[in-house]
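Q: Okay, here's the prediction I keep looking at, along with the sequence it came from:
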Amino acid sequence: MEIGIGLGVCFSGLQPTFAPNDVANLALWVDATKSEDITESAGKVSQWNDRSGSGNNLVQATGAKQPTTGTRTMNGKNVIHAAAAEFLQKASFTITPNMTFFLVTNEISSASAISALMSMDATNDFQIDSAILGEFHFRNNNTVGTVGETVGDFLGTPTVMSGRFDTTTNLFYCRINGADEYNTDYTINLDTSMVLSLGTNRPQNDGVEADFGEFMFYNRSLSTAEILDVEGYLMSKWIA
């Protein structure tokens with residue numbers, strides 16, 4: 001395993017008018033500050049609309065499993081709050097094996113170290129395990145630690161997380177709050193069609209309690225400059 005990917009922490013390339021859809025191949029973008037994108041009844045969320053134009057809305061039809069909106073904030077901004085049994089999903093989410101994601105979250109608690117913040121269910125799949133032990137664990141193809149784990153303690157900490165799969169180098173790159181966490185190799189590319197869940201694991205029976213502010217997927221391994229631009233936008237909005 002090599003530590004760091006040399007991106008640094010400078011966001012000087014960020015323009016004041018930057019938006020995530022300025023970067024090509026945006027496949028999913030949900031933002032909890034946009035109340036017009038959230039379908040809710042008495043604060044219970046049944047749909048969180050995709051702003052990317054791809055129609056990848058996150059939904060939850062079962063009332064008991066619906067997260068809430070309008071009850072919690074991060075940096076003074078509304079978030080979607082999911083209790084351990086609450087989550088949103090996209091039943092058929094199409095990606096490319098080269099992909100980049102960004103997740104703004106604050107994990108509050110979980111039942112176990114394999115409860116999940118986010119999962120993508122298929123044969124060759126991906127999951128972000130709970131930070132109940134302090135660090136996030138990333139797994140590929142249902143194997144714990146296949147694509148590594150963070151080294152900081154992030155439970156209860158507002159977090160801007162980015163992950164990038166690069167099939168050219170067969171490396172997974174991870175950054176947390178504008179700093180390199182690690183990069184590590186992997187051998188099995190992700191499937192191109194998955195069930196995407198936010199707030200639970202692949203079987204949808206072991207979730208976390210967490211706040212979610214913003215979530216994006218790009219169907220491309222983004223460049224260093226592009227990652228810094230998206231990170232800078234998210235950090236200034238949710239962390240600063």
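A: That came in fine, so what should we check first?

Q: Report the central residue of this structure.
A: L103 (3.1 Å; Cα atoms, centre = their mean).

Q: The closest residue to that one other than its chain neighbours is in what secondary structure piece?
A: Spatially, and ignoring its direct neighbours in sequence, L103 is nearest to M161 (4.7 Å; Cβ to Cβ, 6 or more residues apart in numbering). C-beta: built from backbone N, CA, C; applies to glycine. Taking DSSP states H and E as the criterion, M161 maps to strand 159-166.

Q: Now do the buried residues in the lowest-mean-pLDDT helix or strand in the chain.
A: Comparing helices and strands within the chain by mean pLDDT, DSSP states H and E singles out strand 137-140 as the least confident, with a mean of 72. Judged by neighbour count (16 or more other Cβ atoms under 10 Å), strand 137-140 contains these buried residues: 137-140.

Q: Likewise for stretch 60-69?
A: Residues 60, 65-69 are the ones in stretch 60-69 that count as buried (16+ other Cβ under 10 Å).

Q: Roughly how far does the residue of the chain most remote from its centre sit from A61?
A: Outermost residue of the chain with respect to the C-alpha centroid, by Cα atoms, centre = their mean, is A42; its distance is 25.8 Å. With distances taken as Cβ to Cβ, to the nearest Å, A42 is found 16 Å from A61.

Q: Ok, N189 next?
A: 31 Å.

Q: is it true that the residue nearest to the centre of the chain lies in a helix?
A: No - with DSSP: H, G, I helix; E, B strand; the rest coil as the criterion, L103 is assigned strand and is not in a helix.

Q: That one is in contact with M118, isn't it?
A: Yes - at 6.3 Å, L103 counts as touching M118 under the criterion of Cβ atoms under 8 Å.

Q: Need the residues touching each of these two.
A: 128, 215 (Cβ atoms under 8 Å, 6 or more residues apart in numbering).

Q: ok now do T169, which residues does it touch?
A: When contacts are counted by Cβ under 8 Å, 6+ apart, T169 is found next to D185.

Q: any residues touching the strand holding M161, and which ones?
A: Strand 159-166 has contacts (Cβ under 8 Å, 6+ apart) with 97-107, 128, 136, 138, 172-178, 186, 189-190, 221-222, 227, 230-231, 234-235, 238-239.

Q: Can you name the residues bridging to the residue nearest to L103?
A: According to DSSP bridges, the partner residues bridging M161 are L103, I176.

Q: how near is it to I108?
A: Per Cβ to Cβ, M161 is found 15 Å from I108.

Q: do L190 as well
A: 28 Å.

Q: what about the two, which has more around it?
A: L190 (22 against 16; other Cβ atoms under 10 Å).

Q: And the more buried one, how far from L196?
A: Taking Cβ to Cβ as the measure, L190 falls 11 Å from L196.

Q: now swap in K90 and tell me
A: Using Cβ to Cβ, K90 is found at 4 Å from L196.
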